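Undergrad: can you look at this prediction? I've put the sequence above it.
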Amino acid sequence: MDEQQQEEQASESRFDPPLWMQRRMFALRVIDFGCGEGSLASVLVGEREEDPITHIIGVDVSTECLEMAADHCQPQDYDLDDGLRLNQLGIDFFNGSVAVADQRLVGKEALACMEVVEHLDADVLDQFWSVVLGAYKPKVVIVSTPNAEFNIYFPQLNYGTKDSTFRHWDHRCSKAAQEYGYSVMFSGVGRLPNSDPAVGHCSQIAVLQDLNPSSPPRLGPVQDSPYELISHIDYPVYNELHTEEENLAFLHNKIACLRPRPDEDLDRDPYMSYGLTIHDPSTEPKSPHPSSPQPPDNTVLLSSIWIIPQIRQRCKTRQGMYELMEKSPLVQLDLGQGWVTYNKDDAYWIEWDRQYDEDARIRNESYYQDQYQGSDDDMYD
């Protein structure tokens with residue numbers, strides 16, 4: 001087996017429905033039906049630049065699971081500091097049944113139901129599609145469940161016998177989609193190594209899309225608030241305001257930090273190295289077949305700038321960053337190459353380097369004075 005085949009097999013054997021759904025959940029408001037301990041909700045919390053999710057609603061019959069889900073979705077230290085979000089995010093966890101429709105969930109853009117329907121009793125399953133597609137009527141529905149054919153690897157599931165409790169799911173799904181005006185596409189994730197490709201993926205996924213999203217939902221019996229709210233979470237949002245001049249100054253400073261800088265000053269002054277070995281690319285052996293040409297030494301990659309959290313907070317979007325760069329007198333934006341260029345001899349960069357070296361010298365002198373002073377004091381203790 002060659003390296004490429006090994007990578008493909010390793011990729012196929014990964015089983016990550018939450019990540020699969022996150023990549024396809026282009027919606028602002030998402031319902032996680034049967035959310036359990038929050039395996040999907042905790043993934044959806046991650047902020048993305050395009051179409052950010054602003055509201056996550058988790059529903060489950062287990063209060064204990066809902067409490068764990070809320071704990072898994074709490075803001076972390078990073079979310080409270082440099083990682084403050086650009087867009088609002090609220091999360092609600094409700095205790096309730098998928099067989100009952102709650103008015104507060106009507107009209108959301110997306111609904112996900114991960115590895116849940118196979119656990120539903122027959123009477124609840126009969127109500128599932130009428131609640132999801134009829135009452136809630138989201139634009140997109142993503143449902144995952146164990147693939148019945150894959151169950152030949154799990155004898156306890158009685159695949160192919162009259163005792164199999166979850167047969168012909170794809171036919172039921174297609175029938176429900178047709179009844180409520182949805183298209184349906186089947187996919188899947190997860191394969192066991194050396195399994196028969198004919199049995200498909202471990203988890204079967206159905207993606208249903210509303211063919212007429214402007215039509216009203218078939219409400220049926222919808223109660224105002226049958227679900228019990230267990231937890232509500234609001235993520236803090238970055239809301240500082242800056243002038244364009246301040247943002248340009250901040251951008252220039254970050255680009256100055258990212259620029260390739262000569263090591264001569266560091267080599268002359270051992271204090272400047274902080275005891276670290278200075279990396280000098282010129283001493284590395286040259287590859288006879290370089291994978292790609294090296295960018296000029298007066299460039300900084302756009303990806304290196306955009307990854308800085310404060311840049312994203314100030315510019316909001318990549319396009320916002322590009323527009324700010326186009327107003328800069330110090331850098332030239334090159335979207336085709338994916339970098340900005342600058343004039344190394346410009347007085348701004350020369351003065352920035354001088355001030356940086358001076359500040360570093362002062363910090364190091366202070367550090368070593370404290371170190372040596374501490375050593376002298378220890379001698380007389």
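TA: Thanks, I have the structure now. Since the model is a prediction, treat every value here as computed from it, not as a measurement.
Undergrad: can you pull up the most central residue in this protein?
TA: Residue closest to the average C-alpha location in the chain (C-alpha atoms, centre = their mean): residue 46, at 4.0 Å.
Undergrad: now do the SS call for the nearest residue to residue 180 once chain neighbours are set aside.
TA: Nearest non-adjacent residue to residue 180, counting by C-beta to C-beta, 6 or more residues apart in numbering: residue 133, 3.8 Å away. Bear in mind the C-beta positions are built from the backbone N, C-alpha and C, glycine included. At residue 133 the chain is in helix, as set by DSSP: H, G, I helix; E, B strand; the rest coil.
Undergrad: what's the neighbour count on residue 133?
TA: 22 (other C-beta atoms under 10 Å).
Undergrad: distance of it from residue 354?
TA: For residue 133, the distance to residue 354 equals 67 Å [C-beta to C-beta, to the nearest Å].
Undergrad: any weak-confidence spans in the stretch 1-150 of the chain?
TA: 1-26, 50-51, 147-150 (pLDDT under 70).
Undergrad: for it, just list every one of the helices.
TA: 3-13, 17-22, 41-44, 63-72, 122-129 (DSSP state H, counting those that start in this stretch).
Undergrad: residue 261 contacts residue 353, correct?
TA: Yes - Residue 261 is in contact with residue 353 according to C-beta atoms under 8 Å; the separation is 6.7 Å.
Undergrad: quick one, domains of the protein?
TA: What automatic domain parsing lists as the domains of the chain is 11-234, 244-379.
Undergrad: burial-wise, tell me which of those comes out on top.
TA: domain 11-234 (a mean of 17; mean count of other C-beta atoms under 10 Å).
Undergrad: quick one: distance of that domain to the chain centre.
TA: 17 Å (C-alpha atoms, centre = their mean, to the nearest Å).
Undergrad: mind listing the strands for the stretch 251-381 of the chain?
TA: 299-301, 331-334, 339-342 (DSSP state E, counting those that start in this stretch).
Undergrad: now those in TSV, with distance to residue 186?
TA: Formatted as TSV, the strands of the stretch 251-381 of the chain follow (distance: least, C-beta to C-beta, whole Å):
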stretch	distance to residue 186
strand 299-301	40
strand 331-334	43
strand 339-342	42
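Undergrad: in a markdown table, list these along with mean pLDDT.
TA: As requested, the strands of the stretch 251-381 of the chain are arranged in a markdown table below (pLDDT from 0 to 100):
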| stretch | mean pLDDT |
| --- | --- |
| strand 299-301 | 96 |
| strand 331-334 | 97 |
| strand 339-342 | 96 |
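Undergrad: out of those, flag the one nearest residue 366.
TA: strand 299-301 (30.2 Å; C-beta to C-beta).
Undergrad: could you report the pLDDT at residue 285?
TA: For residue 285, the pLDDT comes out at 48.
Undergrad: swap in the one 4 residues further on?
TA: In this prediction, residue 289 carries a pLDDT score of 51.
Undergrad: how near is residue 119 to residue 113?
TA: As judged by C-beta to C-beta, residue 119 and residue 113 stand 11 Å apart.
Undergrad: same check on residue 338?
TA: 40 Å.
Undergrad: ranges for the helices of the stretch 201-350 of the chain?
TA: 244-258, 264-268, 302-306, 309-315, 318-326, 347-379.
Undergrad: how about those, which one is nearest residue 72?
TA: helix 309-315 (22.3 Å).
Undergrad: can you name every helix or strand that that closest one contacts?
TA: Helices and strands touching helix 309-315, by 3 or more C-beta pairs under 8 Å, 6 or more residues apart in numbering; DSSP states H and E, are helix 244-258, helix 318-326.
Undergrad: export those helices to CSV and tack on distance to residue 60 and mean pLDDT?
TA: Listed next are those as CSV, based on distance: least, C-beta to C-beta, whole Å; pLDDT from 0 to 100:
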stretch, distance to residue 60, mean pLDDT
helix 244-258, 43, 96
helix 318-326, 37, 96
